[in-house]
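Trainee: I'd like to go over a predicted model; first the sequence, then the structure.
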There are 2 protein chains.
Amino acid sequence: MLSFRGIFTNKIDAKGRVSVPAKFRAVTAAQQFSGIICFPSLSDPCIEGGGPDLDAEIDLMLSRLDPFSRERNVLANMLKAQSAELMFDADGRISLPDMLTAKAGIVDQVSFVGLGNKFQIWEPAAYEAYLATAMAEAAGHGGLLRSPYATPGSPSGSDGRASQNTPDTGRS
Amino acid sequence: MLSFRGIFTNKIDAKGRVSVPAKFRAVTAAQQFSGIICFPSLSDPCIEGGGPDLDAEIDLMLSRLDPFSRERNVLANMLKAQSAELMFDADGRISLPDMLTAKAGIVDQVSFVGLGNKFQIWEPAAYEAYLATAMAEAAGHGGLLRSPYATPGSPSGSDGRASQNTPDTGRS
DNA sequence: TATCATCCCATGATATCCCAAATGATCCCG
DNA sequence: CGGGATCATTTGGGATATCATGGGATGATA
């Protein structure tokens, strides 16, 4: 119950404010923080975010890279320079900086997508498209879902072919 | 008595609520949790669910993948974004999100199908059809169930056939 | 003074809680 | 072995609380 879960689509009002889902607020509240920390996704056209725990995880990963390496500077530019600490107002809303919304093609609606230790913020239509590809791809990654109790020589029970029904991407 | 067992078909009322079978509630209650955690099946047109133990297994698997890898994002989209933590009301009911019922073709009735460590939620007619194929298939998979007590060189003692008495699927 | 951001309150929609009835299963007694 | 009573569980409806969202007021900044 202490992780980001589910998909919630909210509106951005005329002032640029958007409600963070109450379920997500509860997660960061458990981390003694009434806000979220956001940065551009490294791999997808969306915003990523989380609480202080995620930020600490990022610091730890960056600290393992050489202090003056180009890789570290590049990653720090994405995860630190372009990040923002967005505090909730009294009603649980934030306003997303233009720097972040522009990359994600966000206009007046956003979908909050819970991914466990972090979440993503998408333009709703863009996420629908992404989810379709993710579902197809997930079938290929099905091999990662191995039984924790399997013995080395035991059969998996799966022939590797995961039949996938058509995802209903188009919905209101 | 600590695993999901049996088939129970319940109605969804006008508000979208459905009773979770009392036997299933007892299982998650034993895990100190008065609710269930549901997500789309990776292989079948149905919903899957379980208690915190099942969710912890999923978390463990995801945590082993690199935080910003595409694999992890894709799998988290299946198992976290599309999942829901559904708490029982005072009468042991939950309300299933549209995102989950749509994929399973669920309208106003559901069948809870116990599978041991987890369970599935089907549209009743769809389950009847699935069960027919599953029973035929199960006979051929009997050989996958190796004795936990077998010694390396011992014969299996199984001819692959399992006699099955009729389950009471359709009732009331 | 004008513009922007933040704070505060009001409203509508949705989900949750609480109570009551009906159905079905179990147990006990004749 | 049959019948009736008791209990657990499911199902229905009304009341309440929570949440998202819009608009106005306040304060800071340039």
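Mentor: Received, thanks. Predicted model, so just to flag it, every value in this text is computed and none were measured.

Trainee: helices of chain A, start to end?
Mentor: All helices of chain A, identified by DSSP state H, fall at A:22-29, A:52-63, A:70-76, A:98-104, A:124-140.

Trainee: is the last one anywhere near DNA strand D?
Mentor: No: contact between helix A:124-140 and DNA strand D is absent, the nearest approach being 11.2 Å (criterion: Cβ under 7 Å from any atom of the strand). For glycine as for every other residue, the C-beta is placed from the backbone atoms N, C-alpha and C.

Trainee: buried sites along stretch A:54-69?
Mentor: For stretch A:54-69, a neighbour-count test (16 or more other Cβ atoms under 10 Å in any protein chain shown) marks A:Leu54, A:Asp55, A:Ile58, A:Leu62 as buried.

Trainee: that one and chain B in contact?
Mentor: Yes: with Cβ under 8 Å from any Cβ of the partner chain as the criterion, chain B is reached by stretch A:54-69 at A:Glu57, A:Met61.

Trainee: interface residues of chain A facing DNA strand C?
Mentor: So chain A meets DNA strand C at A:Lys15, A:Gly16, A:Arg17, A:Asp89, A:Ala90, A:Asp91, A:Ser95 (Cβ under 7 Å from any atom of the strand).

Trainee: how about the residues of chain A near DNA strand D?
Mentor: Residues of chain A lying near DNA strand D (Cβ under 7 Å from any atom of the strand): A:8, A:10-11, A:13-15, A:18-22, A:91-93.

Trainee: filter these to the buried ones?
Mentor: A:Phe8, A:Asn10, A:Val18, A:Ser19, A:Val20, A:Pro21, A:Arg93.

Trainee: got a markdown table for those residues, with pLDDT and distance to chain B too?
Mentor: Shown next, in a markdown table, are those (pLDDT from 0 to 100; distance: Cβ to the nearest Cβ, whole Å):
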| residue | pLDDT | distance to chain B |
| --- | --- | --- |
| A:Phe8 | 98 | 10 |
| A:Asn10 | 98 | 15 |
| A:Val18 | 97 | 18 |
| A:Ser19 | 97 | 18 |
| A:Val20 | 98 | 16 |
| A:Pro21 | 98 | 12 |
| A:Arg93 | 97 | 22 |
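
Trainee: among these, which lie within strands?
Mentor: Residues of those located in strands (DSSP state E): A:Phe8, A:Asn10, A:Val18, A:Ser19, A:Arg93.

Trainee: hang on, the last one packs against A:Pro21?
Mentor: No: with contact taken as Cβ atoms under 8 Å, A:Arg93 and A:Pro21 are classed as non-touching, separated by 11.1 Å.

Trainee: got a markdown table for the helices of chain A, with mean pLDDT too?
Mentor: Output for the helices of chain A, formatted as a markdown table (pLDDT from 0 to 100):
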| stretch | mean pLDDT |
| --- | --- |
| helix A:22-29 | 97 |
| helix A:52-63 | 96 |
| helix A:70-76 | 96 |
| helix A:98-104 | 94 |
| helix A:124-140 | 90 |
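
Trainee: including distance to B:Leu144, could those go into JSON lines?
Mentor: Listed next are these as JSON lines, based on distance: least, Cβ to Cβ, whole Å:
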{"stretch": "helix A:22-29", "distance to B:Leu144": "39"}
{"stretch": "helix A:52-63", "distance to B:Leu144": "39"}
{"stretch": "helix A:70-76", "distance to B:Leu144": "45"}
{"stretch": "helix A:98-104", "distance to B:Leu144": "46"}
{"stretch": "helix A:124-140", "distance to B:Leu144": "21"}
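
Trainee: out of the residues of chain A next to DNA strand D, what pair is the most spread apart?
Mentor: A:Ala14 and A:Ala22 (22.3 Å; Cβ to Cβ).
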